[in-house]
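Visitor: Provided below are the primary sequence and the corresponding predicted coordinates.
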Amino acid sequence: MSENENPETKAAKLKFTTYQKLVILVLALTQFTVVLDFMVMSPLGDLLMKSMSITPAQFGVVVSSYAFSAGISGFLTAGFADKFDRKKLLLFFYIGFIVGTLLCGLVNSFSLLVFARIITGIFGGVISSISMAIVADLFEFNQRGRVMGFLQMGFGISQILGIPISLYFANKWGWQSPFFMIVGLAGIIAVIVMLFLKPVTAHIKLQKDNAIKHLWKTISNKDYRIAYLATAFLSMGGFLMMPWGSSYCVNNLHVSQEQLPFLFMIAGISTLAIMPVIGLISDKINKFKLFTIASLWMVVTVIIYTNLVPVPFWIVVIVNVLMMIGIMARMVPSQALTSSVPEMKDRGAFMSVNSSLQQMAGGFAAVLGGMIVIQKGKFSPLERFDTLGYVVLCAILINIFLTYRVNKLIERKGNTD
């Protein structure tokens with residue numbers, strides 16, 4: 001957007017068209033189901049570990065199996081991501097995600113659950129990168145912060161509605177039932193995508209290289225590698241703690257299974273309220289400055305949270321809400337910055353590789369977290385959770401430095417198209 005444009009022209013460009021609003025809604029709905037499928041593993045963690053008699057390390061394998069398979073899938077599809085209509089790619093992987101989620105609801109053993117999560121990860125892990133590429137293609141730089149804010153609302157809605165309902169179903173009909181709920185909802189959303197989303201093909205005519213050469217150029221680009229590393233450390237900060245959230249609350253902080261849905265619901269409401277605000281702020285001030293403030297906020301709340309002793313439920317709620325605000329306020333400016341790194345002809349491949357590394361970094365973090373955290377019995381408190389908090393702190397500080405470099409790269413290139 002040119003600095004010489006008059007204010008009325010700039011304001012008109014910042015407004016979303018009717019179709020852009022539809023695109024945001026459709027992508028937000030797909031994100032909601034994918035996020036819910038992934039996020040529900042954390043609140044189900046305590047129930048799963050006790051009902052299947054698995055250890056924290058084994059549960060880390062369940063979580064990381066999704067992440068690693070999603071990472072590998074992202075690499076394999078990256079070379080082809082810019083060769084096809086993005087709508088068709090979104091539908092293909094979304095339908096595969098639905099099949100994988102259905103398998104999760106049908107399994108009855110640890111090994112089969114790992115297999116089902118691998119299938120779900122192969123397809124579900126690519127959907128976010130396709131959505132990000134669509135956003136970068138259809139929205140200008142000064143609109144993307146708000147778009148990312150709306151898409152991240154799927155995270156909040158999953159906690160307000162999805163996770164509490166899932167926990168209710170799990171307590172009433174077994175831990176598999178939330179996956180059947182997701183399958184039904186995702187099936188309806190797939191039909192909406194098929195009927196209302198237009199083809200996204202402008203990038204195809206820019207392609208000159210074959211899939212393998214295109215992938216290699218995208219991976220070997222030194223500017224892109226900085227963004228990949230920044231995203232990987234952003235992911236590690238979340239994956240290190242997230243899988244053990246419900247078990248930590250139940251066994252260490254003495255939150256009851258009945259209180260868990262309310263904890264996630266209140267945190268979700270706060271997320272839903274803050275996301276549009278963060279997106280709007282992200283489009284009005286320096287995105288890196290906002291990211292840094294949110295990161296330092298998260299450092300403080302993570303240290304407090306991981307060192308808590310049994311306290312009244314309302315204190316646990318407040319700390320969770322404050323920590324969630326920091327987590328989500330980092331993601332919006334980070335994603336808006338990352339979306340501006342690649343050129344249009346590379347966006348699909350870049351987003352796929354970026355998502356792949358994000359998932360694999362998360363898988364590594366889940367395994368690492370499972371190695372750090374110890375639980376001596378089904379109902380024993382988790383040990384060394386405070387150590388986990390300090391590891392998260394290190395990941396956040398490294399992430400600030402890497403995101404600073406991404407920001408400088410964008411400023412140097414003026415890549416805000």
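Guide: The structure has been received and is ready for your questions.
Visitor: Can you show me the helices along the stretch 1-150 of the chain?
Guide: 7-14, 18-39, 45-51, 56-78, 86-106, 110-138, 141-157 (DSSP state H, counting those that start in this stretch).
Visitor: Relative to Pro312, which of those is closest?
Guide: In terms of Cβ to Cβ, the element of the helices of the stretch 1-150 of the chain nearest to Pro312 is helix 45-51, at 20.1 Å. Heads up, the C-betas are built off the backbone N, CA and C, glycines and all.
Visitor: in that closest one, what's buried?
Guide: Gly45, Asp46, Leu47, Leu48, Met49 (16 or more other Cβ atoms under 10 Å).
Visitor: cool, stretch 391-401 as well?
Guide: Val391, Val392, Leu393, Ala395, Ile396, Ile398, Asn399, Ile400.
Visitor: can you redo these as a markdown table with distance to Gln257, secondary structure and pLDDT?
Guide: Output for those, formatted as a markdown table (distance: Cβ to Cβ, whole Å; DSSP: H, G, I helix; E, B strand; the rest coil; pLDDT from 0 to 100):
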| residue | distance to Gln257 | secondary structure | pLDDT |
| --- | --- | --- | --- |
| Val391 | 28 | helix | 94 |
| Val392 | 26 | helix | 93 |
| Leu393 | 30 | helix | 94 |
| Ala395 | 30 | helix | 94 |
| Ile396 | 31 | helix | 94 |
| Ile398 | 36 | helix | 95 |
| Asn399 | 34 | helix | 94 |
| Ile400 | 37 | helix | 95 |
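Visitor: Just the closest of those residues to Ile274, please.
Guide: Ile396 (18.6 Å).
Visitor: From what I see, the closest one and Thr292 are in contact.
Guide: No: checked against Cβ atoms under 8 Å, the pair Ile396 and Thr292 is beyond contact range at 10.3 Å.
Visitor: mind showing which ranges of the stretch 301-417 of the chain have poor pLDDT?
Guide: Low-confidence segments of the stretch 301-417 of the chain (pLDDT under 70): 344, 348, 414-417.
Visitor: the helices in it, which residues?
Guide: Going by DSSP H, counting those that start in this stretch, the stretch 301-417 of the chain shows helices at 313-338, 347-372, 385-413.
Visitor: Disregarding flanking residues, what is the spatial nearest neighbour of Pro310?
Guide: His254 (4.6 Å; Cβ to Cβ, 6 or more residues apart in numbering).
Visitor: can you check Met351 too?
Guide: Ser129 (3.8 Å).
Visitor: Just the local confidence number for that neighbour, please.
Guide: We note a pLDDT of 76 for Ser129 in this prediction.
Visitor: In terms of mean pLDDT, which of the helices of the stretch 1-150 of the chain ranks lowest?
Guide: Taking the mean pLDDT of these, helix 7-14 comes last: a mean of 52.
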